[in-house]
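**Student:** Need coordinates for the below:
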Amino acid sequence: MIILGEKYILTELERKRLAKKFSKIEYIKYRNGDVEEIIGKIEKALDGNGPKLIVLNTKAPTPNRLIAYLTNLELKGVSFVSIEHFLESYLHKCFISEDRTDLTYLENIKPYTPWQYFQKRAVDFFGIFWLFFFSWPFMLYSAYRIKKESPDGPIFFKQKRVGFGGKEFECIKFRSMVPDAEKGTPKFASKDDPRIFEWGAVMRKTRLDELPQMWNILKGEMHLIGPRPERKYWTDQFEKIIPYYNERHLVKPGVTGWAQVMYPYGSHHEDAKQKLMYDLYYIKYWNIILELKIVWMTAMTVIGKKGI
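**Tutor:** Residues are numbered from 1 along each chain as shown. The predicted model follows:
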């Protein structure tokens with residue numbers, strides 16, 4: 001496979017995932033490059049039994065000479081795919097352009113149909129029944145550990161989050177940080193955040209801290225699966241710098257989601273953008289198979305068999 005250009009820069013995690021699918025990956029820069037030099041690099045990469053897929057990952061103007069060369073390659077059996085379709089087909093995320101010229105998400109990202117919503121609520125009720133059946137001992141033990149390690153604070157942590165339609169609701173979780181950790185300017189939790197006590201770190205890694213949100217699901221404020229709800233402070237910030245950020249509010253948030261099982265904890269607006277790409281893919285291509293896949297991947301995370 002050849003990735004031509006740097007319109008989108010793959011993350012290290014994505015490079016590792018693609019290395020499992022392609023035996024050889026060549027990265028060829030395009031912007032401000034000499035056309036003949038670029039053709040030479042492509043020829044070298046295609047030599048022998050090398051890659052037969054070229055990802056068009058450039059937004060720079062393409063000279064007729066290069067277009068003619070690429071067209072001839074297609075006649076010889078080389079396949080081409082745009083970076084937008086490549087990300088959706090191979091990495092299961094939607095591309096968000098930096099130049100803000102693509103308005104197609106306003107058409108493509110839609111709320112669930114009545115039939116889709118019925119299926120999601122069926123998954124919600126079926127899921128939380130079995131989730132509570134298997135998790136209540138862990139919930140009791142978590143309550144015990146929270147009071148033991150951080151006795152000055154409450155067991156549950158309640159916080160307003162932005163949900164469906166951009167409206168706020170009160171989200172409930174097991175408290176994983178010391179009391180008053182959220183005072184002052186809000187900030188993301190980091191990997192070795194000193195505000196998180198020992199059992200709190202375990203709960204975050206295994207998603208046990210999210211279990212009380214079964215109550216939010218029963219109330220109809222959340223789904224079992226969906227984009228994770230954020231605080232209004234963060235959504236206001238992200239809306240200003242990340243195109244289409246509020247598209248994720250066309251559906252109800254979830255306890256877990258596609259972004260959660262595909263991308264690690266983030267602490268920067270770039271992480272929020274990466275997660276939005278996965279959220280947009282989830283909404284755009286929602287189906288019951290994808291829903292059940294996320295349930296399975298989350299379960300594997302909880303029992304330590306999978307997770308980032």
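**Student:** how close does Leu224 sit to Trp130?
**Tutor:** Here Leu224 is placed at a distance of 11 Å from Trp130 (C-beta to C-beta, to the nearest Å). Every C-beta, even on glycine, is put in place using the N, C-alpha and C of the backbone.
**Student:** got it, and Gly226?
**Tutor:** Taken as C-beta to C-beta, the span from Gly226 to Trp130 is 18 Å.
**Student:** Settle it for me: which of these two has more neighbours?
**Tutor:** Gly226 (29 against 10; other C-beta atoms under 10 Å).
**Student:** Surely the more buried one is in contact with Lys252?
**Tutor:** Yes. With contact defined as C-beta atoms under 8 Å, Gly226 reaches Lys252; the gap is 5.7 Å.
**Student:** which other helices and strands contact the helix or strand hosting Tyr141?
**Tutor:** In this assignment (DSSP states H and E), Tyr141 forms part of helix 114-149. With contacts taken as 3 or more C-beta pairs under 8 Å, 6 or more residues apart in numbering; DSSP states H and E, helix 114-149 sits against strand 168-174, helix 198-206, helix 214-218, strand 223-225, helix 288-302.
**Student:** For Ser84, grab the count of nearby residues.
**Tutor:** Actually, residue 84 is Glu. It isn't Ser. Counted with other C-beta under 10 Å, residues neighbouring Glu84 total 18.
**Student:** For it, which residues are in contact?
**Tutor:** 94-95 (C-beta atoms under 8 Å, 6 or more residues apart in numbering).
**Student:** where in the chain is pLDDT low?
**Tutor:** 48-51, 181-192, 266-267, 304-308 (pLDDT under 70).
**Student:** Now do Phe200 against Val178, distance only.
**Tutor:** Heads up, residue 200 is Gly, not Phe. Where Val178 is concerned, Gly200 sits at a distance of 9 Å (C-beta to C-beta).
**Student:** list residues touching both of the two?
**Tutor:** With C-beta under 8 Å, 6+ apart as the test, Gly200 and Val178 both reach Ser150.
**Student:** of the two, who's got more company?
**Tutor:** Gly200 (26 against 15).
**Student:** What's the separation between the residue most central in space within the chain and Gly226?
**Tutor:** Closest residue to the average C-alpha location of the chain: Ala259 at 2.3 Å, with C-alpha atoms, centre = their mean. Distance, Ala259 to Gly226, using C-beta to C-beta: 10 Å.
**Student:** shared neighbours of these two, anything?
**Tutor:** The contact sets of Ala259 and Gly226 overlap at Tyr282 (C-beta under 8 Å, 6+ apart).
**Student:** so how far is stretch 102-115 off the chain centroid?
**Tutor:** Its chain's C-alpha centre and that of stretch 102-115 lie 18 Å apart, by C-alpha atoms, centre = their mean, to the nearest Å.
**Student:** got a list of contacts for it?
**Tutor:** In contact with stretch 102-115 (C-beta under 8 Å, 6+ apart) are residues 94, 120, 243-244, 247, 250-251, 280, 283-284, 286.
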